[in-house]
Structures are given as structure tokens and as C-alpha cells.
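Student: My questions concern the predicted model and sequence given below.
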There are 2 protein chains.
Amino acid sequence: MAPEADLKVLAFDVFGTVVDWRGGVAMEMAAVANERHLTVDAGAFADAWRSKYLPYLNRIRSGEMPWQVLDGVHRASLRELVTELSLQSLTEADLDRLVYAWHHLPAWPDSAEGMSRLRSRYVLSTLSNGGMAHLVDLNRAAFLPFDCVLSTELVRTYKPDPRVYRLVPDLLAVRPEQSMMVASHVYDLAAAAGQGMRTAFVRRPQEWGTGKTEKLDISVDIVADDFLDLASQLGA
Amino acid sequence: MAPEADLKVLAFDVFGTVVDWRGGVAMEMAAVANERHLTVDAGAFADAWRSKYLPYLNRIRSGEMPWQVLDGVHRASLRELVTELSLQSLTEADLDRLVYAWHHLPAWPDSAEGMSRLRSRYVLSTLSNGGMAHLVDLNRAAFLPFDCVLSTELVRTYKPDPRVYRLVPDLLAVRPEQSMMVASHVYDLAAAAGQGMRTAFVRRPQEWGTGKTEKLDISVDIVADDFLDLASQLGA
């Protein structure tokens, strides 16, 4: 059966899959550091900040911490990082600016064009840990042609909670197998498959600036080099 | 204070305000009637169907009927109407087609252009009784540039339940007064104002094919002749 048979909805992970969080955060940090006359490895700063992400979300999913929208997670983890890296000379306005950098991240070069092709044939939705307002900002800043914004905020938990993936059939009037999760992260695709969704792994070798893609150790329906390749494989 | 001061989000009613339900439904009914060799006043049919809408939703809001998505309301009220008008020769496929007509209604001539102007300055969201999948279909069919789809389905009730209007500040990270409800229906605007939103009444004299706009008997922030006029009044 062709991969696109009876497929109706593509649900996209956003951070890393559609947009380059590392490049965007590092650029903002480099600008802030320059203004404050600080010497900071901006790429390493972005990596260190992002590395706090999954542990934080796990504490929220486990109930150890109350749920809060992703901006709150970014702010709390940034405060930790500022202490660890002895960057206390950063002002509150600097911290606001860094948290807000996550709202206007650059898309990967193929994202908008690939999505425009895909949208001609499929409904495109976000399915992201970013909050609703956050995702709206990102989509507007990067001109991303999503039909719909779905966020883990709607179920007040985070990936890979199964309730996140059930938003797609529950709200978009499709059976799970008529939808496909598109992500550069295996844990996300494994959880989506667990709820009956199809899966597309997209290689994003520069997500961490290393040139190396995440190891794909599960079975997926499609492996794509970028969104243009995904569009071609899905007949769009 | 200028009407646009600190305004960030425009929340749009859809049926009647953005799209011409009467024209779209009548066109589909005329086509179906022609194929079945039936004589039906298609405009009157659309009016009669729509007239069952608010009573149905009131029964759901009051708890007399269980909540169901708008497609279900349309289907149930269509079955009543078919009996009342002695149109039992319509097939199940005909009924499906008529229910689905509500998913691809024509936009008013000014809608897409006015919204494109408004979107350059404001976040545009639906805030409609249509279900999420339904609104996605409508937006795609009419090329409507919404940033976000919000539906009463997210709170499993219908307008004018206050929970509907609270979706805007709750999910889009604004204070109520930084948002504006845009509608051609007074009951909707009154309920939005009750939750602290600003209000724009848009005249849609052809909503019921009569040339007469709804009587505006409440105070609103803006009265506009169409979306182009609304854009001009909001500096977009």
C-alpha cells in the first residue's frame, strides 16, 4: 500500500523538526552577551538550556511539579542555567528576551516550501509541547502554513503522554491510522505509533549542531531527509 | 483611545460573519433537488434548517440533550426538516452531502482580503460553534488566513456559554480586553463583552437573504460595514 493511502492529517513536532531552536537561541544569546560584554559560547549555552527540557517535562508528567506552559519551563530552567554558568549579570529583561527567543525561531530552509506542498494534499497541524500562543507566534514569525494549532496545553501534560496523540483523532475527525506524526525524535514517534498513528522520521542533523542525526531504533513508515523529500514520498 | 490600542487578538464568529451559510447551503440543496427532480425553494430550505440551530444548541447547553459536535446537530435537525417538508425521497448520501455543504461554504467577498490586512497586525482566530475539523475544512476551502482554530468543541458546549469566550485569554496569552470578538450577531457580542472582550459588529445584510442587518441594541466598540472597513478602522 502506498504510504499516502487514506492519509489525511500530518501532525508535526515543531522544536527541532520544523524550526531550528539551537540556531535561534544561540543567535539571541550571542546578541545579549555582546551587549553585556560577556564571553559565552552561545551554541553550548543553547545546548545546555535544551538539555534541561526533558528532565523538567518528566517531573511535570510524573506530578512532581505542577503543570505549567512551556514558557514557564523555559524561564525556570534558564534561571538554573544562569546560576550554573555564573551569568548573574543578565537582567530580568535579558531573561525575558531569551525566553521569547523561543517564539521566533528560524525554520529549517526546507520547512515552509515542503509544508506548502504537503498542505496541498493533507491537513497540517502542529502537535507540540509549545503552548498555543507560543505556537501561533512561531508560525507567524516563520510563515508556516499550518491549518490548525494543537498543543499539549490542551490536555495540560507533555509528550509522550498518550493523551497528547489522541488529540489528533479526537479533534480532527480522523481515525488514528489516517494521521501521521512527523518528527525528528524517536521518543515522539514511538509514542504516536503507540496510539495508532503512522510515523515519519525526518533527519535533522543540525538540530544539535553536530551533523549527526538521532539514532533510529524503531520501525517507522517513512524516513525522510527533509520536508521536500517527505512531500515527494507522500505524493505531494 | 484609538480602538486598536493594545489590541492583539481578533476572534471571529464564522457562520454568517465570515462565510455565507445561506448561499452555500441553498446552492447544494438546489443541486440535490435538481438531481432528484424535486421542487424546493432552496433559500427557504436553508433558512428553515438554520432556524433550528439555536433551539437545538439551547437544548444542549441546558443539558436536555447530550453534547455533540455541530455536524451531529446539523444531521439531527436535517432529519426533522426532511420530515416536515415531505422530502423523504432524499437518500442518506444526499443528507451526508447537505451536512457536508456546511464544510465548504463560500466566504463573503470581502472576507479573505480584509482578513489578510487584519492579520498583518493582529492574531486571527476562529471562535465558532463549528467543530475543530469542520473549521479546518472551511478555512481550507475558502482560503481564510486564520492563525489559529478555536472551537466551542474545546469546552464541549456552545455559545453563549461564558467558557467559550474565556478560551481566548486562557489559550492565547492575552488579557480579555486585548482581544476583540468580531461577529454579525448581537447575542455573541453581548456574551463576549460579558467576559471582558472588546466587540466589533459587522453588518451582513445578506446573511438571511433579506438585505436587512440584525438590530444592534447593545453598545459595541466598532460597527463595520465589512472586513475591509473593519481593517481600516483598526489601522490595518
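Tutor: That came in fine, so what should we check first?
Student: Could you list the low-pLDDT ranges of chain A?
Tutor: Applying pLDDT under 70 to chain A flags residues A:1.
Student: got the domain boundaries for it?
Tutor: Split into domains by automatic domain parsing, chain A comes to A:9-20+A:105-233, A:21-101.
Student: want to try TSV for those domains, with mean neighbour count as columns?
Tutor: Yep, even glycine has a C-beta here, placed from its N, CA and C like the rest. Formatted as TSV, the domains of chain A follow (neighbours: other CB atoms under 10 Å in any protein chain shown):
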stretch	mean neighbour count
domain A:9-20+A:105-233	20
domain A:21-101	16
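Student: which one of the ones you listed lies closest to B:Val182?
Tutor: With CB to CB as the criterion, B:Val182 lies closest to domain A:9-20+A:105-233 of the domains of chain A, at 17.0 Å.
Student: and the closest one, how far from the chain's centre?
Tutor: How far domain A:9-20+A:105-233 lies from its chain's middle: 7 Å, per CA atoms, centre = their mean, to the nearest Å.
Student: ok, and the closest non-adjacent residue to A:Arg156?
Tutor: Spatial nearest neighbour of A:Arg156, chain neighbours left out: A:Trp67 (4.7 Å); criterion: CB to CB, 6 or more residues apart in numbering or on different chains.
Student: Using the three-state scheme, assign the one you found.
Tutor: Classification of A:Trp67 using DSSP: H, G, I helix; E, B strand; the rest coil returns coil.
Student: who's in contact with A:Tyr187?
Tutor: A:159-160 (CB atoms under 8 Å, 6 or more residues apart in numbering or on different chains).
Student: so it is in which element?
Tutor: helix A:186-194 (DSSP states H and E).
Student: Need the residues that contact the next helix or strand after that helix.
Tutor: Per DSSP H and E, the first helix or strand lying C-terminal to helix A:186-194 is strand A:198-202. Applying CB under 8 Å, 6+ apart, the contact partners of strand A:198-202 are A:3, A:7, A:10, A:17, A:177, A:179-184, A:186, A:189, A:192-193, A:216, A:220-227, A:230.
Student: where does chain A come near chain B, residue by residue?
Tutor: Residues of chain A found near chain B (CB under 8 Å from any CB of the partner chain) are A:123, A:131-134, A:136, A:139-140, A:147-149, A:153-154, A:171-174.
Student: let's see it at 7 Å
Tutor: For chain A, the residues in contact with chain B (CB under 7 Å from any CB of the partner chain) are A:123, A:132-133, A:136, A:139-140, A:147-149, A:153-154, A:171-173.
Student: I'd say A:Arg175 and A:Gln195 touch.
Tutor: No - if you go by CB atoms under 7 Å, A:Arg175 and A:Gln195 don't touch, sitting 11.1 Å apart.
Student: backbone phi and psi for A:Val149, please?
Tutor: A:Val149 adopts backbone torsions of phi -110, psi 110, taken as degrees, to the nearest 10.
Student: List the contacts of it.
Tutor: Residues in contact with A:Val149 (CB atoms under 7 Å, 6 or more residues apart in numbering or on different chains) are A:126, A:132, A:135-136, B:148.
Student: Can you give me every residue that contacts A:Glu113?
Tutor: Each residue near A:Glu113 by CB under 7 Å, 6+ apart is listed here: A:Leu228.
Student: need the helices for chain A, in chain order.
Tutor: A:21-36, A:42-51, A:53-61, A:70-84, A:92-101, A:111-119, A:132-142, A:162-172, A:186-194, A:227-233 (DSSP state H).
Student: between these, which gets nearest to B:Gln88?
Tutor: Per CB to CB, nearest to B:Gln88 of the helices of chain A: helix A:162-172, 33.3 Å.
Student: and the closest one with helix B:132-142, angle?
Tutor: For helix A:162-172 against helix B:132-142, the angle by axes from the mean of the first three to the mean of the last three CA atoms, to 10 degrees is 50 degrees.
Student: Could you pull up phi and psi at the residue lying farthest from the centre of chain A?
Tutor: Distance from the C-alpha centroid of chain A, by CA atoms, centre = their mean, peaks at A:His37 (31.1 Å). With angles defined as degrees, to the nearest 10, A:His37 sits at phi 60, psi 40.
Student: For A:Leu90, see how far away it is.
Tutor: Here A:His37 is placed at a distance of 12 Å from A:Leu90 (CB to CB, to the nearest Å).
Student: rewinding a little: okay if I get the contacts of A:Val149 as a markdown table plus distance to B:Gly63?
Tutor: As requested, the contacts of A:Val149 are exported to a markdown table (distance: CB to CB, whole Å):
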| residue | distance to B:Gly63 |
| --- | --- |
| A:Thr126 | 34 |
| A:Met132 | 28 |
| A:Leu135 | 34 |
| A:Val136 | 33 |
| B:Cys148 | 29 |
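Student: any idea which of the residues you listed is closest to B:Trp21?
Tutor: Taking CB to CB as the measure, B:Trp21 lies nearest B:Cys148 of the contacts of A:Val149, at 21.7 Å.
Student: Run a quick check on that closest one versus B:Ser125, I expect a contact.
Tutor: Yes - with contact defined as CB under 7 Å, B:Cys148 and B:Ser125 form a contacting pair (4.3 Å).
Student: okay, and the common contacts of these two?
Tutor: Overlap of the contact sets of B:Cys148 and B:Ser125 (by CB under 7 Å, 6+ apart) is empty.
Student: Just list the residues touching A:Ser51, thanks.
Tutor: Applying CB under 7 Å, 6+ apart to A:Ser51 gives no contacts.
Student: Please report the distance of it from A:Ala183.
Tutor: In this view, A:Ser51 and A:Ala183 are 18 Å apart by CB to CB.
Student: And A:Arg175, by the same measure?
Tutor: Going from A:Arg175 to A:Ala183 by CB to CB gives 20 Å.
Student: hmm, back to that, now the helices of chain A in TSV, with distance to B:Asp71?
Tutor: Shown next, in TSV, are the helices of chain A (distance: least, CB to CB, whole Å):
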stretch	distance to B:Asp71
helix A:21-36	38
helix A:42-51	41
helix A:53-61	33
helix A:70-84	32
helix A:92-101	39
helix A:111-119	23
helix A:132-142	24
helix A:162-172	13
helix A:186-194	26
helix A:227-233	30
